[in-house]
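Trainee: What follows is a predicted structure for the sequence shown.
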Amino acid sequence: MRRLVIVAAAAALGVLAGCTGEGGGSAVRTPTASGRITVSSPAFTEGGTIPRRYTCDGADLSPPLAFSGVPAHALGLVLLTEDNDAPHGPFTHWLAWDIDPHTARLSAGQAPPGATQGRNSFGKTGYNGPCPPRGKPHHYVFTLYAADRRLGLTRDATTADVKRALARHTLAVGSLTGHYGR
């Protein structure tokens, strides 16, 4: 009986620890919230094709984005762009936090003013666009989180670090998904 209790406890801890992602590193559950933010782009629609200009096959600029529905009491925003079809788990293309919560739009190629941009899965700071292997198109999710605090993380924070910092501090979330194939 005692052995069964120990096995059950270990299994429960494993479930609470989350699963792997971020190319083999430890991942954290995606922060959730009851509020909804609308994320849109004049360059592509939800589920549409991301234009070549915003990929590694073009100018590799970040696409223009617009945000609405950010709660008035938000103190910071986090922008995360991931390819969830990558072979080794989610692949981060853009990670920025402590974005001014009054930011309603970003122009093409514009970094969020005053925000900290983290290192993406290419090992670079800032945006690097879709660059999937030839074959099936991949889906790229641009997610915006509204937080009840500024995260204040250092530039070397990982996607998992940012998600952990958002845990229990996410007021609202929204996303825009586009696809791109070669």
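Mentor: Yes, it's here. Numbering: from 1, shown residues only.
Trainee: nearest spatial neighbour of residue 172, skipping sequence neighbours?
Mentor: Leaving aside its chain neighbours, residue 172 sits nearest to residue 35 (2.8 Å; criterion: Cβ to Cβ, 6 or more residues apart in numbering). No exception for glycine: its C-beta is placed from N, CA and C like everyone else's.
Trainee: from what I can see that neighbour touches residue 148, true?
Mentor: No - taking Cβ atoms under 8 Å as the definition, residue 35 is not a contact partner of residue 148, at 10.8 Å.
Trainee: what is in contact with these two at once?
Mentor: Residues touching both residue 35 and residue 148 (Cβ atoms under 8 Å, 6 or more residues apart in numbering) are residue 171.
Trainee: tell me the pLDDT at the residue nearest to residue 172?
Mentor: In this model, residue 35 is scored at 83, pLDDT.
Trainee: List the contacts of it.
Mentor: 69, 71, 146, 171-173.
Trainee: Adding pLDDT as columns, could you present those in CSV?
Mentor: Listed next are the contacts of residue 35 as CSV, based on pLDDT from 0 to 100:
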residue, pLDDT
69, 97
71, 96
146, 97
171, 96
172, 96
173, 97
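Trainee: What about those residues, which one has the most neighbours?
Mentor: Tallying neighbours with other Cβ atoms under 10 Å puts residue 146 at the head of these, with 28 neighbours.
Trainee: Roughly how far does the closest residue to residue 119 other than its chain neighbours sit from residue 117?
Mentor: Spatially, and ignoring its direct neighbours in sequence, residue 119 is nearest to residue 125 (5.6 Å; Cβ to Cβ, 6+ apart). The spacing between residue 125 and residue 117, counted by Cβ to Cβ, to the nearest Å, is 5 Å.
Trainee: Run through this protein and note the low-pLDDT ranges.
Mentor: Scanning the chain with the threshold set as pLDDT under 70 gives 1-34.
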